[in-house]
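Colleague: fold the following.
(chains A and B)
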Amino acid sequence: MSEMFEEEIREFLIESNENLANLDREIVELEQHPDDAELISSVFRTIHTIKGTSGFFGFDLLGAVAHITENILSQVREGQRSLTPELISLILEAVDKIKALLAKIEADGLEGDDDALELRRRLESAFQACGAPVAEADAPPLPATMQQAEDPVVESAPQLEQATPESAGAKESQGREAHLADSTIRVDVGLLDKLMNLVGELVLARNQLLQDATNQTTTLQKTSQRLNLITSELQEGVMKTRMQPIGVVWNKLPRVVRDLASKCGKRVQIEMEGAGTELDKTIIEAVKDPLTHIVRNACDHGIEMPGVRLSRNKPAEGQLLLRAYHEGGVVNIEISDDGAGIDVEKVKKKAVEKGLIRLEQAVRMSEREARQLIFMPGFSTAAQVTSISGRGVGMDVVKTNIEKIGGSVEVMPRVPCGTTVQIKIPLTLAIIPGLVVSLDAVAGRDAEEGCVEHRFVVPQANLLELVRLEGKTDLNLIASVHGTPVVHHRGRLLPLVYLNRVLGIPPRQQAAQGEEVVSIVVVQAENRQMGLVVDHIRDTQEIVVKPLGRQLKGLTCYVGATIMGDGLPALILDVAGLARLGGLMGQSRLQDADADEVEENEAAGRMQKLLLFRAGRFDRLAVPLSLVARLEEVEGERVERAAGRTVLHYRGDILPLVSLRSVLEPDQEDPSFSAPRLQVIVFADGARRVGVVVDHIDDILYEAYTVKRRGSIPGLLGSAVIGGKITDLLDLHALVEAAGGNWLERPAGLGRVLLMDPSTTAREMLSEYLEFAGYEVLRAAGVSEALPLLERAPVDMILAATELGQGSRAAELETLRLSANQPQLSVVGLVDRRDQMGARGGFQFDALMVRADRAALLDGMAELVRSGEPALEVAS
Amino acid sequence: MNPMQQETRQYATFRVYDLFLGIEVDSVQEIIRQQKMTVVPLAPGVIEGLINLRGQIVIAIDARRSLGLPAWQGEDVRANIVVRSEDGAVSLLVDDIDDVMDVPLDAWSPVPDNMPAEQRELIECVYNLKQGLMLAINTANLLQVACS
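Modeller: Residues are numbered from 1 along each chain as shown, chains lettered A, B, ... in the order given. The predicted model follows:
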């Protein structure tokens, strides 16, 4: 029989599956709106159709399950009973059984042996429980088919029409559906894929033709132009056929959420915005599982139990919002809940426990980085492994799956509470716009092979802008910050990656001095920007992405290849991979990417001598050598305790000692003072001295550095890359504070100074030093920041980086001086080197002093404050 | 009349440096003359580049380097043997193409132990033919080696 009806059965299966996909959503919706007659009718209709058709094909069991479910539904439809959550659960269970049976039929054409007796019995008793006698209950909904309804096997297709809901509205909507069905056609996905590939080939052929047609006859040019247009339209059309609304995937989620919520005793409401947003079918397939997982996670981990929610002044019912929208060539999908949110500290702790990161990494980590930890393999914060989640195999798979299709995923806190997971994915994978760039081939081997240049494609999605530097002034914008080339661009420092160096292609012949042109492609990947330096920028093209073979899968710098107009393959660059190769991303992609954390001018840190040492688990600490008076190694026995303080007789004086370990790791045992020999860094400030005990003194480096992140630990200023490694910078002032507050008498207030320096590092270092010496320091990056400060409190002196008084800024500085309304106020210029003291233009400073020469600076300042009179070049 | 039906297997044969090699015909997709190639920077040394095979992008592997033989010198006239593999076609660059031959199975002998290690891995067996020793290539291993 099944052979006879093979084609019909296939149709039946396809139709049923389509209807069932909507059924889950409809039933859950029904729970929210039990009185929606339209919905009930729709659910009823689906089940009824399945019942009828299965009878026709002789699938008895399927028919029986559908029949009894239909009976219950008809009671609901007739208003004989209301839909309770239990009843909904039972109906869903029945729907699951129907799906399972259909799947079985699809697989081997048979229903199988499981007769689902238990389920049928429960359905039956639920049906009976309605209160009405069986016959009566059965009679009203299906008057025309009553006889058959008792024996579903006999019921056949022709009765379908008779049995459809009587209401006029329902009939109408069915008519509409029928009409829709006439204007659509089912197409095999394989065929669409093939069409897409063919269109891809056509696009390539068109590109090739267009290239040649420019020097041909006008007729050919015209024809090729037409071909060009038609190809573009065809491409668009074929792409559209593959588009599906994201709602296809979302439809399944209400059911998932409902089951999950009832399993853990929570109440969750799901809302959807933008279900009509369309995506390529392959992408839809790829995001299905990640989405389900994120939603499950949100229900399981995010949304709290109703009791907890009420105690936090939230409605007992948790809210889950799915949003999808197009934005500049990508589709954004957001899943947000109003649950507890991510506890960053808990995440860090867990990650350390699991050995995913080291403790010191955790300490330095920003909140944003810490949140990204949940995507690491093997991470799961669920205390217990439950059937729902907590196996620790979830979020990392989510991330890899989404990255596989060229997307990205990020977690962020939602205001006022909860979490938002944002997924960004490209619209389509097959044909993308790209920019063709090239490197000149070297005269040797490559040229012999007839290769003129190496061509690469940068995907448009990564592209920000193109910059061309020409001539000496422009090229001077390129600088080097500890070995990394950077370019001053739009007021920021943009790291440069030379494509030829990264790819190991020897550079081209150097152009004559001053004639060199640098072409920079500014690209963005994973929230980082960089400048890709290439030899030539060609043009933009629609390219067909083709995968690279297995042998080249290991190369992270390419996403694929394409065929250019001349028929030769060209590689498509993976910007993120290149950045990693270029050393910009470091080993960890978790490194800070917050644009606001990277301060302007920061990378142009000043060259300084730095002392490197370690203490406890901090194995790379640094302090500017200018603050260090001496390095001492003393015997442990010489350390004495006096009045609760640890001191050392030192050069006829009493030197208070601070153990760095006890400050940085207050909870840990500190063996520093019991060691036979102590390493002491003596910091001096005029007559006062402090000895800081460290574990080991490592090195002295001469380097420019940038404080990347403010430290969260008292005693540390922040961290910076020094000597190519992350290094923590000691905050001397905070260290002294943390070591026991006022054990060191602070000198009487020497006065209040305003310190203006655009470089945060320089400003922090110096102000810390000045405060240590007894000044109250107001800090500002520039005049605009300083003005409100001056209004609030008068100062005794202004210290300003000399660049703030150059050119047009001189007037601003003059305004500042006038606004202070103190004729005696001195404005001191800070310079880096003594030899800069001569060259002066712009603003007339009362004195110039060298930043690094702290002792002379303090002396000079003291003199200025005392005399209240300007003195030129005190710090000579 | 020879009643003994001799069992044979078809091999596409070619020459690389001083070696006479063969690949089973079933796994050869096609043989094409020299093609323009795109170099892949940072690729493993044995990968010579990418070729465009009627819209399909195919990796070209240098047979000489795979077998640890001296690199090709002078004008490039090498041919491509396009081999089918699990994940699409891969091309093998060889010095010169020879005939497709019916090789009698009784000419089979194992790979000699004194063969250089890098070659031994890529050679499945040896056939002692009247044209000389033909080394049958293990294509799966050859493509695997190119991955590293």
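Colleague: ok, and the closest non-adjacent residue to A:S674?
Modeller: In space, A:S674 comes closest to A:G636 once its chain neighbours are excluded; the distance is 6.6 Å by CB to CB, 6 or more residues apart in numbering or on different chains. Glycine gets a C-beta too; all of them are placed from N, C-alpha and C.
Colleague: for that neighbour, give me phi and psi.
Modeller: Here is the backbone geometry of A:G636 (degrees, to the nearest 10): phi -60, psi -30.
Colleague: then the one 10 residues further on?
Modeller: In terms of degrees, to the nearest 10, the main-chain angles of A:T646 are phi -100, psi 130.
Colleague: quick one: it and A:G636, what's the gap?
Modeller: According to CB to CB, to the nearest Å, A:T646 and A:G636 sit 11 Å apart.
Colleague: shared neighbours of these two, anything?
Modeller: A:F673 (CB atoms under 8 Å, 6 or more residues apart in numbering or on different chains).
Colleague: give me the more crowded residue out of the two.
Modeller: A:T646 (19 against 12; other CB atoms under 10 Å in any protein chain shown).
Colleague: isn't that one up against A:F673?
Modeller: Yes: the pair A:T646 and A:F673 qualifies as a contact (CB atoms under 8 Å) at a distance of 6.3 Å.
Colleague: find residues that contact each of those two.
Modeller: Joint contacts of A:T646 and A:F673 (CB under 8 Å, 6+ apart) are A:639, A:657, A:659.
Colleague: what is the burial count for the second one?
Modeller: A:L657 has 24 neighbouring residues, counting by other CB under 10 Å.
Colleague: neighbouring strands - and their directions - for whichever strand or helix holds it?
Modeller: Using DSSP states H and E, A:L657 falls within strand A:653-659. Partner strands for strand A:653-659, per DSSP bridges, with pairing direction: strand A:645-650 (antiparallel), strand A:688-694 (parallel).
Colleague: skipping its backbone neighbours, what lies nearest the residue of chain B found nearest chain A in space?
Modeller: In chain B, the residue that lies nearest chain A is B:P41 (3.6 Å; CB to the nearest CB). Excluding its sequence neighbours, the residue lying closest to B:P41 (CB to CB, 6+ apart) is A:L503, at 3.6 Å.
Colleague: residues making contact with the worst-scoring helix or strand of chain B on mean pLDDT?
Modeller: The weakest-scoring helix or strand in chain B, judged by mean pLDDT, DSSP states H and E, is helix B:117-120 (a mean of 77). With contact meaning CB under 8 Å, 6+ apart, helix B:117-120 is reached by B:67-68, B:111, B:113, B:135.
Colleague: how about CSV for those, with neighbour count and distance to chain A added?
Modeller: CSV is the format used below for the contacts of helix B:117-120 (neighbours: other CB atoms under 10 Å in any protein chain shown; distance: CB to the nearest CB, whole Å):
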residue, neighbour count, distance to chain A
B:L67, 22, 16
B:G68, 13, 17
B:V111, 17, 24
B:D113, 6, 29
B:L135, 22, 22
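Colleague: secondary structure and pLDDT added to these, as TSV?
Modeller: TSV is the format used below for the contacts of helix B:117-120 (DSSP: H, G, I helix; E, B strand; the rest coil; pLDDT from 0 to 100):
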residue	secondary structure	pLDDT
B:L67	coil	86
B:G68	coil	84
B:V111	coil	85
B:D113	coil	83
B:L135	strand	91
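Colleague: closest to A:V827 out of the residues you listed?
Modeller: Nearest to A:V827 among the contacts of helix B:117-120: B:G68, at 73.8 Å, using CB to CB.
Colleague: picking that back up, quick one: contacts for the residue nearest to B:P41?
Modeller: Contacts of A:L503 (CB under 8 Å, 6+ apart): A:439, A:454, A:557, B:41-42.
Colleague: measure the residue lying closest to A:L310 once chain neighbours are set aside to chain B for me?
Modeller: Excluding its sequence neighbours, the residue lying closest to A:L310 (CB to CB, 6+ apart) is A:A316, at 5.5 Å. Going from A:A316 to chain B by CB to the nearest CB, to the nearest Å gives 53 Å.
Colleague: which element is A:M412 on?
Modeller: strand A:408-413.
Colleague: just checking: what are the partner strands of that strand?
Modeller: Looking at strand A:408-413 with DSSP bridges, its partner strands are strand A:419-426 (antiparallel).
Colleague: got the buried residues for the strand holding A:L657?
Modeller: Using 16 or more other CB atoms under 10 Å in any protein chain shown as the test for burial, strand A:653-659 gives A:655-659.
Colleague: stretch A:539-557 now?
Modeller: Buried residues in stretch A:539-557, defined by neighbour count with 16+ other CB under 10 Å: A:541-546, A:548-552, A:555, A:557.
Colleague: let's see which of those residues end up in helices.
Modeller: Among the buried residues of stretch A:539-557, no member falls in helices (DSSP state H).
Colleague: could I get the contacting residues of the closest residue to A:E812 other than its chain neighbours?
Modeller: Of all residues not flanking A:E812 in the chain, A:V783 sits nearest, at 4.3 Å (CB to CB, 6+ apart). Listed by CB under 8 Å, 6+ apart, the contact set of A:V783 reads A:756, A:804, A:809, A:812-813, A:815-816.
Colleague: need the buried ones from those selected in PyMOL.
Modeller: With 16+ other CB under 10 Å as the criterion, this PyMOL line picks the buried residues out of those:
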select buried, chain A and resi 756+804+809+812+813+816
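Colleague: returning to what we had before: contacts for the strand holding A:M412?
Modeller: The contact list for strand A:408-413 (CB under 8 Å, 6+ apart) reads A:290, A:341-342, A:368, A:371-372, A:374-375, A:398-399, A:402-403, A:419-424, A:526.
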